[in-house]
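Asks: the sequence and its predicted three-dimensional model are supplied below.
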Amino acid sequence: MEFFLEVLIGGLLAGVMYALVAIGFVLIYKASGVFNFAQGAMVLFSALTFVSLLERGVPFWLAFVISLAAMVLLALAVERVVLRPLVNRSPITLFMATLGLSYVIEGGAQALWGAQVHGLELGISDEPLELGGMLLSQFDIFAAVTAALLVLALSLLFNKTRIGLSLRAVADDPLAALAMGIRLQRVWVLVWAVAGFVGLVAGLLWGARLGVQFSLSLVVLKALPVLIIGGFTSISGAIVGGLIVGASEKLAEVYLGPVIGGGIENWFPYVLALLFLLVRPAGLFGDRAIERV
Amino acid sequence: MFYQEAGQFSTRYAQDRRVFRLRQDRYGLVALLLLAFVGVPYLGNDYWFSAILIPFLVLSLAGLGLNLLTGYAGQLSLGSAAFMAVGAFATYNVELRVPGSPLLLSMALGGGVAALVAVLFGLPSLRIKGFYLLVSTLAAQFFVTWALTRLSWFSNNSASGVISAPRLEILGVDLNSPVGRYLLTLGVVVALFWLGKNLVRSELGRNWMAVRDMDTAAAVMGIALLKTKLLAFAISGFFLGVAGALWAFTYLGTVEPHGFDLNRSFQILFIIIIGGLGSILGNFLGAAFIVLFPVLLSNLVALLPAGLIDAGQIENLQKMAFGALIIVFLVKEPEGLARLWQKFRERARLWPLRY
């Protein structure tokens, strides 16, 4: 039982990391209706920029600010080159455009900073911490606290500021928001920049765990089932989805893995998401679509 | 083209329904086929057969498979490479476990198995659509690669799941030389394109397009969604499975499950975006582009003064160029190279007059 709990909590904490990536998706999907496949590439790009600056002797805070500025520039460019010309096109087209975008960002990040693995030290030891008889990774707890702070900051931004109000208006009904004088394009830039910020935080945490390298962009594939389970339009859904995926993945690996052969964590979340979809086609917290002919 | 339909009248309905209504188009097609089947084997060299022509043909076929599903039936899929892998491994197993089974039959059976797997992962499409369907096809992608690597029965207990091509032979004719493999690939691809072109003109093809454009409306008009969508998955799976078998046996010779990873699926998706969604010709154009572009780019870089761009950067550049091209095509010409070709033909038809 104790072992079960240990695996469960370890999985939940790992799920927080998935949720972090998934939040970036949800932000963009809500505001611009784009399923942003390039979120993983953005995670890679921001983390790679940060680490490379750090290695060139730039202080921590300055590297963070410069990386953030890079993400804002990226958001501006994306709005200009991708979103604006593709306005009113089908969501599938926009998705494929972000697929192209992810190739551009990945290629660009590696052309700029090289393809080798960079170690990243955030100054948190990864010694297991004993809590109530269970061994928990100190780093995972730090990640969970960071995620909680991030979500808190985001909900403050969304609910207590003018910017947040316009973001929510656009998410609710883009046409009505436009008619009220909200500048859609500025909201898009803003929301892509915020998603870039979330990507940077996720990139730093994932980078400290795995090393900053190309495989970082593959976390997008981990985040997809999280989104499906939680629904595309809900931040709390992303977190709940992340926790479900993290926990069930670890439990499956430990208890189911030996039975059918290991290495199942690549596809298990997808099968889980599929089962969820058959029961709730719009995810746990997603909006139900109404169809008219 | 530089000819018009003037003077060519249809006197029967059958003539009106032909794929190529103009005499010149028909002669052109025959000339093209003659060139491909007779001319190229005499003119080409082994490098062209093994490195350019065979992958071009196989990727065109894979593009057609995905295009039927995504371009015609409107079901987005990121699992193409998985269905190719199923086709390759199933063909291998038929050849291995049924001694003396003819090569083409094994390939057809391999395609059939891929079709079954595709239907299995297409089942959720009845309940979910759009992005949510991506999950199902991605599940196929990861699950199939995992199963083929882990369950060593599929690869006849070889280490790390590598399979090698059987002897390629049809009716006693040895096809193991580059020319032979080219002709085998060409024959299969031409036959399946003929089938594909006629499929999309049939009732089924029209149903697919209705479902793509709006499936609720299609259902209201009496199109059976269940049958139409699952047939799209099955037929697409069959085409992709045969393409996978060709990829493994005529192009690479030896293949492991990881040769059919997610990047291969993306590559096939790019073929149909660049070539043209919902176009048969587009598959050839897109595949030619995907095969030739890296060759062209590395030749271009070689022309630049040495040291300006080092070899490691070529791959990054290629990636960026592909990504940028995808975006440019989606913005400027969502119907791809096929549409550009069509526009050119319309202009050439009137040239040098303006209208």
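Replies: Here it is on my side, so go on.
Asks: for the stretch 151-293 of chain A, which spans come out with low pLDDT?
Replies: Within the stretch 151-293 of chain A, the segments meeting pLDDT under 70 span A:261-262, A:286-293.
Asks: mind doing that once more with 50?
Replies: The stretch 151-293 of chain A contains no residues with pLDDT under 50.
Asks: break down it into its helices, ranges please.
Replies: Taking DSSP state H, counting those that start in this stretch as the criterion, the stretch 151-293 of chain A carries its helices at A:162-172, A:174-179, A:184-210, A:219-230, A:235-251, A:257-260, A:268-279.
Asks: buried deepest among the ones you listed, which one?
Replies: Neighbour counts (mean count of other Cβ atoms under 10 Å in any protein chain shown) averaged over each of these peak at helix A:219-230, with a mean of 27. (Each C-beta comes from the backbone N, C-alpha and C, glycine too.)
Asks: which one of the helices of the stretch 151-293 of chain A lies nearest to chain B?
Replies: helix A:268-279 (3.6 Å; Cβ to the nearest Cβ).
Asks: hmm, that closest one in reach of chain B?
Replies: Yes - Helix A:268-279 reaches chain B (Cβ under 8 Å from any Cβ of the partner chain) through A:270-271, A:273-274, A:277-278.
Asks: now that helix, how far from the centre of its chain.
Replies: A distance of 19 Å separates the centroid of the chain from that of helix A:268-279, by Cα atoms, centre = their mean, to the nearest Å.
Asks: return it as CSV; C-alpha atoms alone will do.
Replies: C-alpha atoms of helix A:268-279 as CSV (Å, rounded to 0.1, in the frame of the first residue of the first chain):
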residue,chain,number,x,y,z
PHE,A,268,-0.6,4.4,-22.6
PRO,A,269,-1.7,8.0,-22.1
TYR,A,270,-3.1,8.0,-25.7
VAL,A,271,-5.2,4.9,-25.1
LEU,A,272,-6.4,6.3,-21.8
ALA,A,273,-7.3,9.6,-23.6
LEU,A,274,-9.2,7.6,-26.2
LEU,A,275,-11.2,5.7,-23.6
PHE,A,276,-12.1,9.1,-22.0
LEU,A,277,-13.1,10.4,-25.4
LEU,A,278,-15.5,7.6,-26.0
VAL,A,279,-17.4,8.5,-22.9
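Asks: let me see the mean pLDDT of the host helix or strand of B:L192.
Replies: When elements are assigned from DSSP states H and E, B:L192 belongs to helix B:178-201. Averaged over helix B:178-201, pLDDT sits at 92.
Asks: quick one: name whatever helix or strand follows that helix.
Replies: helix B:203-213.
Asks: which strands or helices does that next one pack on?
Replies: helix B:178-201, helix B:215-220, helix B:225-246 (3 or more Cβ pairs under 8 Å, 6 or more residues apart in numbering or on different chains; DSSP states H and E).
Asks: quick one, it and helix B:225-246 angle?
Replies: 110 degrees (axes from the mean of the first three to the mean of the last three Cα atoms, to 10 degrees).
Asks: touching, B:P55 and B:A288? I think so.
Replies: No - applying Cβ atoms under 8 Å as the test, B:P55 and B:A288 come out as separate, 10.3 Å apart.
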